[in-house]
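1. Turn this into a model:
(2 chains)
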Amino acid sequence: MEGKKALCVNAVINLSDSTVDLVETPENIIRKFIGGRGLNMYYLYKYLKPQADPLSPDNVLILGTGLLTGTLSPNSGRHNVTCKSPESGIIGDANIGGFLGPEMRFAGIDRLIILGKAEKPVYLYIEDGNIEIRDAKDYWGLLCSETEARFKYNLGSDVEVQSIGPAGENLVRFACTRYGAKNAAGRTGTGAVWGSKNLKAVVVRGTRGLPVEDPQGMIDKYIELRDYLQESKVIKVLGRVGTPLLYDVSNYLGAIRTHNSQQTVFFDSLNAEEVHKHVDKMLGCYGCVVHCRHRNTHGGEGPEYTTEVLLGANIGVADTGRMIDLNNIVNDLGLDVSSTGTYIAWAIELFEKGYLTEESAGRILRFGDYNMARQLIFDIAYRRGLGDILAEGSKLVEKFGPETADFLIAIKGLPQSDPHDVRYLKGFALGIATSSRGADHLRSRPTLEILDLPASLTTQIYGEPVDPNPTSYQSKSRVVYFSETIYAVVDCMGICKFICHGFNSPRNLNYDHFRELTKLATGLDFSKEDLHNAGRLVIDQERLINYREKGITRKDDTLPARYFDEPMPSARAKGSHINREQFEMMLDEYYELCGWDQEGILPRERIDQLDQLKDLTE
Amino acid sequence: MKLTLKQKQIYSRPDLCIGCRICANACALVHEGEANPRLGRINIRQNLFERYEYQELCRHCDDPPCLDACMVGCIEKDQETGIVTNDDRCVGCWMCVMVCPYGSMKRNLKEQVAVKCDQCRDRNRPVCVEVCPTGALVFEERED
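-> Residues are numbered from 1 along each chain as shown, chains lettered A, B, ... in the order given. Sure, this is the predicted structure:
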């Protein structure tokens, strides 16, 4: 190594005037925000002009690796893509696996902060600390898979590529950015922001490597944690069949989002067993000990549980092969699968209710029509006809009327990602209502509430006992508060949530493990409290940005009206819905835990603290 | 020169390889003290679109082409253990890289020297075998 590499090197790239500056993040800021999602939020707050149009050059696009990304920590292949979301108008943030994050760190760059807009299509080429803005005319218009294959052909098979597909180029508000055949920074329309900046791809080759404070200690710790994690039943099953394992759980409960949540039970044809007949091999991302990613027999990768429900049950497609076909198409076009599936289902219900007609939609929309859905997905990505309209996403509520929001399964302008209908699980409902990026399970999913854990164990995990009844509203705010904090920390570390304490299992990696790993990898000493505080600071920061950009307060921490007013129709969950008063009670408790006022606004001194921190860096 | 040494070898099972590069990264940590899969003596070849992944690793050949090709004579095969190693006399001419039929001589471009597997002589088992999360690498003696 040429001297000791700084802990965090950020490249500030202005595409408007083609300049690149390298700035280091000082250690005192790393101690507060750690890295990954945390430092991304810090820099978003610092660089984003208030009220900027998300698709204008004023938006700020940040790719930031975690503090442990690229080290030998288990599952340390992740980074976050952050901007202001063109879909929701609040923070846009998506976490992605694959190999690009580690490669950036091996190239000596921990974070890209991309400003302005290029005059014509460009891509960023990063090699060992050098960053070039290059012409992308040979790549513009290509599908994600074609883009990556052509880059590897032209620049060498060892480069790592993250790119947008036609959806991002055409500014579809829920376009994603993609690595490989399936990994996606999927949510909140980050791909459209790339498109608006004329940025087709980020291509990285890193040969410098990453210093590790204690290499031998790191290897020993990795082996210890791998063995510990692989004893977990959930990790074993995830490695065998991937996330579709959850399909049966939700389906038998009567809580699978079906026909735009008008129904809650669907065919067995999408369960893990059936999906697995279409799987060649399971794969892992960088440093993965789980390997939950399917290489399917239809030429792509996936499907995840999210995909099989949102492009299956939710739009009525029951044929496993056809659902996987839709999955592959959405991936290659560069669309967010959660939003795409939700909007198509919503459009079908709009059609049923007369907001769309055969004339205005150019076709008949009905549940279960695979060919219609397939065509519509292409039309969305290339903005043709009805697809051009749907590409505007949740903004369409303004066009069709505010009452149509009642059956759009979205919160704060972002469709729900998790295929689980949350009317049964109350903590889960609170989680997606308060999540900082909209209706999303990856911010705070309180998975353990379904496990009926004894009070002794919940006290150990959450600090006080939690009502083991999944349908109870009592003490659930505590679970959400705990989950969102540790998930924020794991996002800052650059580690996959599948091995994070509380996401799938009450064991897995907790604050103590992160402390040990951070010490071995970087030499930095964090206490458990430091990490917890960092998680809270990140959530406060996100809340503050949301408040500044769109005035997000208590009124926005809510659920689609369908979840309040329509009882679930089937199976064990039959009759469940969210009681408005009880929901408000959960919100009260949640705000109290967060230390926010009853409107969900940060107290003045915390806003001042974040403003002071903002001014501490150059 | 034909040897009939009984030698434990690292064998790969590509069907079990998930492409995580943990083996290469751990190898670099042991030998170079940094996280850098490119400097791992083992390498994962993967193409997600052509749908393959496999491990490139040194076979410690009976009659190693790298040894014959090395012009400074810095590659040798231990007559007792059968392990083929190189030393710091390497001048980075890359002849060994070119002749290896298995693609398992690597270039350390920072130091301009060739690097190769030494089966982790200082450890009980090669680290790549130890860290593989799926058992896609095994260290055993086989009848060829």
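2. For chain B, just list every one of the strands.
-> B:8-12, B:34-35, B:43-47, B:52-56, B:75-77, B:84-86, B:106-108, B:113-115, B:137-141 (DSSP state E).
3. The first one to strand B:52-56, inter-axis angle?
-> Direction vectors for strand B:8-12 and strand B:52-56, defined by axes from the mean of the first three to the mean of the last three Cα atoms, to 10 degrees, enclose an angle of 160 degrees.
4. Now strand B:8-12: average pLDDT?
-> Across strand B:8-12, pLDDT averages out at 94.
5. How about the contacts made by the residue in the stretch 201-350 of chain A that chain B sits nearest to?
-> Nearest residue of the stretch 201-350 of chain A to chain B, counting by Cβ to the nearest Cβ: residue A:209, 2.9 Å away. Where C-beta positions appear, they are placed from N, C-alpha and C, glycine not excepted. By Cβ atoms under 8 Å, 6 or more residues apart in numbering or on different chains, the contact set of residue A:209 is A:1, A:106, B:28, B:32, B:34, B:35, B:36, B:38, B:39.
6. Who are the contact partners of the third one?
-> In this structure, residue B:28 makes contact with A:209, B:34, B:35, B:36, B:37, B:38, B:39, B:40, judged by Cβ under 8 Å, 6+ apart.
7. ok, so of these, who is nearest residue A:288?
-> In terms of Cβ to Cβ, no member of these lies closer to residue A:288 than residue B:37, at 13.3 Å.
8. distance of the nearest residue to the closest one once chain neighbours are set aside from chain A?
-> Of all residues not flanking residue B:37 in the chain, residue B:24 sits nearest, at 3.8 Å (Cβ to Cβ, 6 or more residues apart in numbering or on different chains). According to Cβ to the nearest Cβ, to the nearest Å, residue B:24 stands 11 Å off from chain A.
9. What's the separation between residue B:24 and residue A:462?
-> 39 Å (Cβ to Cβ, to the nearest Å).
10. Between those two, point out the one with more neighbours.
-> Legend: neighbour count by other Cβ atoms under 10 Å in any protein chain shown for residue B:24 and residue A:462, higher for residue B:24 (25 against 19).
11. That one contacts residue B:44, doesn't it?
-> Yes: counting by Cβ atoms under 8 Å, residue B:24 touches residue B:44, with 6.1 Å between them.
12. what residues do these two have in common as contacts?
-> residue B:37.
13. give me the number of residues near residue 91?
-> Went with chain A since none was named. When neighbours are counted by other Cβ under 10 Å, residue A:91 registers 29.
14. please go with chain B instead
-> Quick note: residue B:91 (other Cβ under 10 Å) scores 13 neighbours.
15. show me the contacts for it.
-> Per Cβ under 8 Å, 6+ apart, neighbours of residue B:91: B:71, B:72, B:113.
16. show me what contacts the residue of chain B found nearest chain A?
-> Chain A sits closest to residue B:36 of chain B, with a gap of 2.9 Å, by Cβ to the nearest Cβ. Listed by Cβ under 8 Å, 6+ apart, the contact set of residue B:36 reads A:106, A:207, A:208, A:209, A:210, B:25, B:28.
17. Cross the residues you listed against strands and list the overlap.
-> Applying DSSP E to these, the entries found in strands are residue A:210.
18. Considering the contacts of residue B:36, which possesses the most neighbours?
-> residue B:25 (36 neighbours).
19. which one is the residue of the stretch 201-350 of chain A closest to chain B nearest to, not counting chain neighbours?
-> Nearest residue to residue A:209 in three dimensions, chain neighbours excluded: residue B:36, at 2.9 Å (Cβ to Cβ, 6+ apart).
20. what residue of chain B is the furthest out?
-> Farthest-out residue of chain B from its mean C-alpha position, per Cα atoms, centre = their mean: residue B:49, at 25.8 Å.
21. doesn't residue A:147 make contact with it?
-> No: assessed by Cβ under 8 Å, residue B:49 is found out of contact with residue A:147, at 10.8 Å.
22. Close to chain B: what parts of the stretch 51-200 of chain A are there?
-> Residues of the stretch 51-200 of chain A lying near chain B by Cβ under 8 Å from any Cβ of the partner chain: A:70-72, A:99, A:106, A:145, A:148-149, A:152, A:157-158, A:180-181.
23. Redo those as TSV? Include secondary structure and pLDDT.
-> Shown next, in TSV, are those (DSSP: H, G, I helix; E, B strand; the rest coil; pLDDT from 0 to 100):
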residue	secondary structure	pLDDT
A:70	coil	96
A:71	coil	95
A:72	coil	95
A:99	coil	97
A:106	helix	97
A:145	helix	96
A:148	helix	96
A:149	helix	96
A:152	helix	96
A:157	coil	93
A:158	coil	94
A:180	coil	95
A:181	coil	94
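24. how about the helices in chain B?
-> Ranges of helices in chain B, per DSSP state H, are B:22-32, B:65-69, B:95-99, B:127-131.
25. Out of those helices, indicate the one that is most buried.
-> helix B:22-32 (a mean of 27; mean count of other Cβ atoms under 10 Å in any protein chain shown).
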